[in-house]
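Enquirer: here is my input; please provide its structure:
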Amino acid sequence: MLFSLTFALYFVATGTYITFFVTQKKKIRSSARSILLVAGVLHTATFISRYIAAGHTPLTTHHDTISFFAWSMTWAFLSFRWRYEVKNFGTFVSLLILILMIIGAMSSTHIVELPPALQSAWLPVHASIAILAYGFLAMAFCGGLMYLLQERELKKKRFGLFYTRLPSLDSLDNLIQHCVAIGFPLLTMGIITGSFWAKQAWGSYWHWDPKETWSLITWFLYAALLHQRFVSGWRGRRGAILAIIGFAAVLFTLWGVPFLLPGEHSYVR
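Expert: This next block holds a predicted model:
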């Protein structure tokens, strides 16, 4: 019931943000933010109720993982919006959150019993940090898409709907940097805490399990983005494209690996 109500609020928030994108009326934007905030609060209550029902941190099923991904992106955006303003960023972010919620709604909500390896205090630490990282990296992905759309408008020299409604390329470039600068350390912490958990559960810090391997590949992609930016002066289009590629690796790590490459992490279904 709580998840359905949360889903409905995200749907309304997204519709309101799209309306603002078209009309550019500030009152509509304020309404969209308020609805998204209420959705985030209700989503938090949803997780608390799932925790009570399950008796453990609800991050081991496909439904719960995707739902927490949407939750983390919501609060990452709201915390970001508290300090920075990027024109119409909420429209793109809310659309991606809604897509995640649709996927979560289509997944089984059945609560499964934890296998012995997952009955550890490392579960909420590792899983929550990793998915929080995904929330900020998802925002970098949105910034990358907005950058490429705005660049396309500028190159065409026929300024249409997007040109007047998207931020400058410099603003979007800084947005990507900011989101990756937060998401990357969280991703690093997620991998480190995961290695400690692996030591406790399976006796060694690293197994080259498919999910571990793809987490490392994802880490290297974002490390390359930051390195090239600060050492080689990468800015603009290349950074936007790498932010999109990095997020594709995030999605494959989260969804593709458990289904296509069986391993120790195949419990997330």
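
Enquirer: list the buried residues in the helix or strand hosting residue 185.
Expert: Secondary structure from DSSP states H and E places residue 185 in helix 169-202. Neighbour-count burial for helix 169-202, counted by 16 or more other C-beta atoms under 10 Å, picks out 169, 171-180, 182-184, 186-187, 189-191, 193-195, 197-198, 201. (C-beta placed from N, C-alpha, C; glycine too.)

Enquirer: can you name the next helix or strand after it?
Expert: helix 210-230.

Enquirer: angle of whichever helix or strand comes after that next one against helix 169-202?
Expert: Using DSSP H and E, the helix or strand that follows helix 210-230 towards the C-terminus is helix 237-251. Counting by axes from the mean of the first three to the mean of the last three C-alpha atoms, to 10 degrees, helix 237-251 points 30 degrees away from the direction of helix 169-202.

Enquirer: low-confidence ranges, the stretch 101-250 of the chain, go.
Expert: 117, 201-202, 233 (pLDDT under 70).

Enquirer: where does residue 53 fall, secondary structure wise?
Expert: Counting by DSSP H and E, residue 53 is part of helix 26-54.

Enquirer: gap between that helix and the chain center?
Expert: 16 Å (C-alpha atoms, centre = their mean, to the nearest Å).

Enquirer: please identify the buried residues of it?
Expert: Within helix 26-54, the residues that qualify as buried by neighbour count (16+ other C-beta under 10 Å) are 28-29, 31-33, 35-37, 39-40, 42-43, 46-47, 50, 54.

Enquirer: any idea how far residue 256 is from residue 211?
Expert: 10 Å (C-beta to C-beta, to the nearest Å).

Enquirer: residue 109 too?
Expert: Remark: distance between residue 109 and residue 256 (C-beta to C-beta) = 22 Å.

Enquirer: can you check residue 79 too?
Expert: The value you get for residue 79 to residue 256, if C-beta to C-beta is used, is 29 Å.

Enquirer: what of residue 138?
Expert: 16 Å.

Enquirer: neighbour-wise, which of those two wins?
Expert: Neighbour totals were compared for residue 138 and residue 256, and residue 138 leads with 25 against 15 (other C-beta atoms under 10 Å).

Enquirer: so the more buried one touches residue 74, yeah?
Expert: No: look at residue 138 against residue 74 with C-beta atoms under 8 Å: they stay out of range, at 10.4 Å.

Enquirer: how about the nearest residue to residue 253 once chain neighbours are set aside, what does it touch?
Expert: Spatial nearest neighbour of residue 253, excluding adjacent residues (C-beta to C-beta, 6 or more residues apart in numbering): residue 214 at 4.3 Å. Residues in contact with residue 214 (C-beta atoms under 8 Å, 6 or more residues apart in numbering) are 249, 252, 253, 256, 257, 261.

Enquirer: let me know the closest of those residues to residue 59.
Expert: Distances from residue 59 to the contacts of residue 214, taken as C-beta to C-beta, are shortest for residue 253 (14.9 Å).

Enquirer: give me the number of residues near the closest one?
Expert: Quick note: residue 253 (other C-beta under 10 Å) scores 23 neighbours.

Enquirer: please tell me I have it right and it contacts residue 215.
Expert: Yes: at 5.6 Å, residue 253 counts as touching residue 215 under the criterion of C-beta under 8 Å.

Enquirer: just the buried residues of the helix or strand containing residue 258, please?
Expert: Assessed by DSSP H and E, residue 258 sits inside helix 257-260. By 16+ other C-beta under 10 Å, the buried positions in helix 257-260 come out as 257, 258.

Enquirer: okay, the helix or strand encompassing residue 79 in CSV with CA atoms only?
Expert: Assigned by DSSP H and E, residue 79 belongs to helix 62-83. Provided in CSV are the C-alpha atoms of helix 62-83 (Å, rounded to 0.1, in the frame of the first residue of the first chain):
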residue,chain,number,x,y,z
HIS,A,62,15.3,-7.1,-7.1
HIS,A,63,12.2,-5.0,-6.0
ASP,A,64,13.9,-3.7,-2.9
THR,A,65,17.2,-2.9,-4.6
ILE,A,66,15.5,-0.9,-7.4
SER,A,67,13.2,0.8,-4.9
PHE,A,68,16.2,1.8,-2.8
PHE,A,69,18.0,3.0,-6.0
ALA,A,70,15.0,5.3,-6.7
TRP,A,71,15.0,6.5,-3.1
SER,A,72,18.7,7.2,-3.1
MET,A,73,18.4,9.2,-6.3
THR,A,74,15.5,11.2,-4.9
TRP,A,75,17.4,12.2,-1.8
ALA,A,76,20.6,12.8,-3.7
PHE,A,77,18.7,15.2,-5.9
LEU,A,78,16.9,16.9,-3.0
SER,A,79,20.3,17.4,-1.2
PHE,A,80,21.9,18.7,-4.3
ARG,A,81,19.0,21.1,-5.0
TRP,A,82,19.4,22.5,-1.4
ARG,A,83,22.7,24.1,-2.5
